[in-house]
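J.: got a predicted structure here, sequence first:
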Number of protein chains: 2
Amino acid sequence: MPDRPHADLVALRARRGDRLATLLRELDLDHVLLSGADHIRYATDYRTQLVSEAFDWYAAIVDADGEAEVFVPYVEDELPRPDEGLPHVRAVHPLPSWAPAACHPRQWLTAVGGVLARRGARRVGYEGLDVVLRDGLAERGLLLRPVGRELFQMREIKDEIEVELLAATCRANEAALRRAVETAGAGMSDHDLLAVAAHDQHAAGVEFLTHGVCNVRKSSGGWFADGARLREGEPFFLDIGCYGRGGYASDLCRTGFVGDVPDAVRHAYACLLEAHLAGQDSARPGVRASAVHEAINACLHGHRLPHTPYATGHGVGLRICELPTIYRRDRMDEDAVIRAGQVLAIEPETTVEVNGLPLVLKVEDNFLVEPSGLRPLSATAPALS
Amino acid sequence: MPDRPHADLVALRARRGDRLATLLRELDLDHVLLSGADHIRYATDYRTQLVSEAFDWYAAIVDADGEAEVFVPYVEDELPRPDEGLPHVRAVHPLPSWAPAACHPRQWLTAVGGVLARRGARRVGYEGLDVVLRDGLAERGLLLRPVGRELFQMREIKDEIEVELLAATCRANEAALRRAVETAGAGMSDHDLLAVAAHDQHAAGVEFLTHGVCNVRKSSGGWFADGARLREGEPFFLDIGCYGRGGYASDLCRTGFVGDVPDAVRHAYACLLEAHLAGQDSARPGVRASAVHEAINACLHGHRLPHTPYATGHGVGLRICELPTIYRRDRMDEDAVIRAGQVLAIEPETTVEVNGLPLVLKVEDNFLVEPSGLRPLSATAPALS
């Protein structure tokens, strides 16, 4: 990365371990069984290979002392102490290889169940497990409790080292996004812009690209690149994400403009930025998440513009999308309270019609919640000059 | 894509629908509840936005007539008949937005459970569901049966239109990979090569990048790009994947060489290609998957080289990694039979030590199984001239 943070990953590991130990104690569990690469990273600092399909390729069993056994598809036999820098990772174990977990449930059950039995596990929290494996483990007499939501709640308030890592990823992601938007010109395609953005994300040294969306003349929700060419006088948007050092994420979006755009577009974009600011201003500690959502959409309504038809915000951490969710109260299990230490993406969208063609405008930035309000982690969406 | 196939996606939709209807009949189910974007695409042709974390953002309920209701995080209210080209998709429904499913289980249960009840569903197959949602649906009296494995088995034999789409993605992926490898020179970093590859994948118009791995002097399994610079006389490998038109995947790997490499590396690479060919030769209809794996590793052993420490092959379709798995018999639930119509990735790896430094070599290509043997879907790994 251009500005690699001097973060103390060993200190961070100890702090995350303390949090997990506290959670296990509170829930009266002796182990957790994790399958998300992000949860495994949080709990053990063990980095697994990332592939967009790998959500069910891994597992880790972790106890309250932080002692861990990890399961991956790319070792053939048990490997004790795989990393001298991670002495708490006791072993890496083999799993079925390059296949969805549901395709080899007996292998999974034997591998994971065997280690749980050897460790004398009795009360085990779990997340993201294939249902067949969960049922198989339950039949072996383990007391199993889903803890996915509790794990994300535990991760909601970021440590200062996590904030430093998130900010570094955000700066790299913003630079890639800015250059792609600046590159845009009439005749280029949506694919061309995604190519520039992905190139620069990798060149900046990020760990993994989560997504790249380029919307040229598509309506909300149908924003698939299909070779559409940029045209003079039209807006487009580009939404990209990645994981940087330590696995920490950034999720950003910019609206770009090809040449001079009609006044209606300029006006709608200025209103979108105003709504973005209204969301930022409202997101102070103690406020409900739904109030931030309402502030953004009320601003758009005040300008007689369509409101954002999905959550206008979400937490960012070891995933691009985690808690809190910032949405309508009736579309969330919990209307969370904004708290200092959360890192939030705020992402309003609106639509403006030009010559009968609906054009979607969207911006997204990432912020740390401080006692006095939001602090952006990188340069934010610029005004149209 | 440079060579867009003239595939008849409407015909493909009908054929896939017939297969799903047959499966439902065989399993005596009235509906399936799907959550994987690939399963939803297969069953409905409805394309969801892809993000590496989106494995639990979507759902679709499909009956034996192919009538479908889809759930996505980016509509705010129920949208009837969202796509006139997909008349069988009766509605799109809202879900919690930009959040893991485990964070909002009650919302999920209300949304999905409500539609299942309205449709009078009684016997429902499901895959990939968050456990809390599954348990909640079961409490409502539904008979629920996991069908993840059956769905992948159903998808194992590819239709000729699917093969055409897979081949088109493979050609685009191979071109991106080839240019990245040809670009490599001393002083460039692993990140630089990933940047070139990702750029060209997007520029070729693929739908989504699944992964990019560049291994410069890392041992097997620790293949993370970290800014390592290519050095004269050394090999490296680059493994990239993507989904192309219709969502069909390609997963390829090439070993590249910077300048003249030592004879030991040249020899080991020649042996790796020989092992790759041994695998290809053995993969004929009627043979067991484990026999293909053994043919590859026996060839490497015959040359006194380390064998591949993971599955040497896997199916490719709407995921880069699906059935069959080609691995040790004792690491698979089922030692599948190679059959005409499967599309396989074959990916041997070996390691050669030069001056005490272990260097990993790896190639991967995608093939259609024909009655007489394998047909490559694109240009395969070239010999070192």
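T.: Thanks, I have the structure now.
J.: before we move on, what SS does residue A:201 have?
T.: Here residue A:201 is recorded as helix under DSSP: H, G, I helix; E, B strand; the rest coil.
J.: could you list the domains of chain A?
T.: A:9-154, A:160-376 (automatic domain parsing).
J.: might you list the low-confidence residue ranges for the stretch 251-385 of chain A?
T.: The stretch 251-385 of chain A contains no residues with pLDDT under 70.
J.: and the helices in it?
T.: Counting by DSSP state H, counting those that start in this stretch, one finds helices in the stretch 251-385 of chain A at the ranges A:263-282, A:289-302.
J.: from the contact counts, what lies against the last one?
T.: Pointing back at helix A:289-302 there. On a contact count with 3 or more Cβ pairs under 8 Å, 6 or more residues apart in numbering or on different chains; DSSP states H and E, helix A:289-302 meets helix A:263-282, strand A:313-315, strand A:322-326. Using the backbone N, CA and C atoms, a C-beta is placed for each residue, glycine as well.
J.: mind redoing it with 10 Å?
T.: In terms of contacts (3 or more Cβ pairs under 10 Å, 6 or more residues apart in numbering or on different chains; DSSP states H and E), helix A:289-302 is packed against helix A:263-282, strand A:313-315, strand A:322-326, strand A:343-346, strand A:349-354.
J.: buried residues in that helix?
T.: Under the neighbour-count criterion of 16 or more other Cβ atoms under 10 Å in any protein chain shown, helix A:289-302 has A:289, A:290, A:291, A:292, A:293, A:294, A:295, A:296, A:297, A:299, A:300 buried.
J.: cool, and the longest one?
T.: Within helix A:263-282, the residues scored as buried using 16+ other Cβ under 10 Å are A:265-266, A:268-269, A:271-280, A:282.
J.: would you check which pair of those residues lies furthest apart?
T.: Greatest spatial distance among those (Cβ to Cβ): A:265 and A:282, at 25.9 Å.
J.: now do the strands in the stretch 51-200 of chain A.
T.: Secondary structure of the stretch 51-200 of chain A (DSSP state E, counting those that start in this stretch): strands at A:59-63, A:68-72, A:79-80, A:89-94, A:123-126, A:143-146.
J.: so which of those is nearest chain B?
T.: strand A:143-146 (5.3 Å; Cβ to the nearest Cβ).
J.: list the buried residues of that closest one.
T.: Buried, per 16+ other Cβ under 10 Å, within strand A:143-146: A:144, A:146.
J.: what helices or strands is it leaning on?
T.: Using 3+ Cβ pairs under 10 Å, 6+ apart, strand A:143-146 sits against strand A:123-126, helix A:131-139, helix B:131-139.
J.: tabulate those (CSV), appending mean pLDDT, mean neighbour count and distance to residue A:152.
T.: Formatted as CSV, these follow (pLDDT from 0 to 100; neighbours: other Cβ atoms under 10 Å in any protein chain shown; distance: least, Cβ to Cβ, whole Å):
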stretch, mean pLDDT, mean neighbour count, distance to residue A:152
strand A:123-126, 98, 21, 13
helix A:131-139, 92, 18, 19
helix B:131-139, 92, 18, 13
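J.: for residue A:51, which of these is the nearest?
T.: Minimum separation from residue A:51 across these (Cβ to Cβ) falls at helix A:131-139, 19.8 Å.
J.: what sits up against the closest one?
T.: A:33, A:35, A:56, A:59, A:101-102, A:105-113, A:116-117, A:121, A:124, A:126, A:128-130, A:142, A:144, A:146, B:126-131, B:133-135, B:144, B:146, B:148-149 (Cβ atoms under 10 Å, 6 or more residues apart in numbering or on different chains).
J.: again, only this time at 8 Å
T.: Helix A:131-139 is touched from outside by A:33, A:101-102, A:105, A:108-109, A:112-113, A:116, A:124, A:126, A:144, B:126, B:129, B:131, B:134, B:146, B:148, with contacts defined as Cβ atoms under 8 Å, 6 or more residues apart in numbering or on different chains.
J.: now residue A:17: which helix or strand?
T.: Secondary structure assignment for residue A:17, by DSSP states H and E: helix A:9-27.
J.: circling back to that earlier point, so which of the helices and strands packed on helix A:289-302 comes closest to residue A:79?
T.: Distance to residue A:79, taken as Cβ to Cβ, is lowest for strand A:322-326 among the helices and strands packed on helix A:289-302, at 30.5 Å.
J.: ok, back up a step: any chance of the helices of the stretch 251-385 of chain A in JSON lines, plus distance to residue A:212?
T.: What follows is these, written out as JSON lines (distance: least, Cβ to Cβ, whole Å):
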{"stretch": "helix A:263-282", "distance to residue A:212": "21"}
{"stretch": "helix A:289-302", "distance to residue A:212": "24"}
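J.: the longest helix along chain A and chain B in contact?
T.: The longest helix of chain A (DSSP state H) is helix A:160-183. No: using Cβ under 8 Å from any Cβ of the partner chain, helix A:160-183 never reaches chain B; the gap is at least 9.9 Å.
J.: tell me the angle that helix makes with helix A:9-27.
T.: Relative orientation of helix A:160-183 and helix A:9-27, computed by axes from the mean of the first three to the mean of the last three Cα atoms, to 10 degrees: 110 degrees.
J.: can I assume residue A:71 is in contact with residue A:56?
T.: No: checked against Cβ atoms under 8 Å, the pair residue A:71 and residue A:56 is beyond contact range at 11.2 Å.
J.: circling back to that earlier point, I'd like the helices and strands packed on helix A:289-302 as TSV, with distance to residue A:173 appended.
T.: Shown next, in TSV, are those (distance: least, Cβ to Cβ, whole Å):
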stretch	distance to residue A:173
helix A:263-282	17
strand A:313-315	16
strand A:322-326	17
strand A:343-346	11
strand A:349-354	19
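J.: so which of the ones you listed comes closest to residue B:195?
T.: strand A:343-346 (24.5 Å).
J.: ok now that closest one, how far from the chain's centre?
T.: Distance of strand A:343-346 from the chain centroid (Cα atoms, centre = their mean, to the nearest Å) equals 10 Å.
J.: mind telling me which residue of the stretch 251-385 of chain A is nearest chain B?
T.: Going by Cβ to the nearest Cβ, chain B is nearest to residue A:311 of the stretch 251-385 of chain A, at 3.4 Å.
J.: my guess is that residue meets residue B:99, correct?
T.: Yes: look at residue A:311 against residue B:99 with Cβ under 8 Å: they come within range, at 7.4 Å.
J.: what residues are shared contacts of the two?
T.: Here residue A:311 and residue B:99 have A:325, B:73 as joint contacts, going by Cβ under 8 Å, 6+ apart.
J.: who has more neighbours, these two?
T.: The neighbour count for residue A:311 versus residue B:99, taken as other Cβ atoms under 10 Å in any protein chain shown, is higher for residue B:99 (29 against 25).
J.: contacting residues around that one?
T.: Counting by Cβ under 8 Å, 6+ apart, residue B:99 makes contact with A:311, A:314, A:321, A:322, A:323, A:325, B:73.
J.: nearest to residue B:381, of these?
T.: residue A:321 (37.3 Å).
J.: next, count neighbours for the spatially closest residue to residue A:286 that is not a sequence neighbour.
T.: Sequence neighbours aside, residue A:337 is the residue nearest to residue A:286 in space, at 6.4 Å (criterion: Cβ to Cβ, 6 or more residues apart in numbering or on different chains). Applying other Cβ under 10 Å, we find 13 residues neighbouring residue A:337.
J.: how much space between residue A:337 and residue A:14?
T.: Distance, residue A:337 to residue A:14, by Cβ to Cβ, to the nearest Å: 27 Å.
J.: which SS state does residue A:42 fall under?
T.: When classified by three-state DSSP, residue A:42 comes out as helix.
J.: surely it touches residue A:319?
T.: No: between residue A:42 and residue A:319 there is no contact under Cβ under 8 Å: 10.2 Å.
J.: those two: who's more crowded?
T.: Using other Cβ under 10 Å, the more surrounded residue of residue A:42 and residue A:319 is residue A:319, with 28 against 25.
J.: residues contacting the more buried one?
T.: Neighbours of residue A:319 in contact, by Cβ under 8 Å, 6+ apart: A:38, A:249, B:53, B:100.
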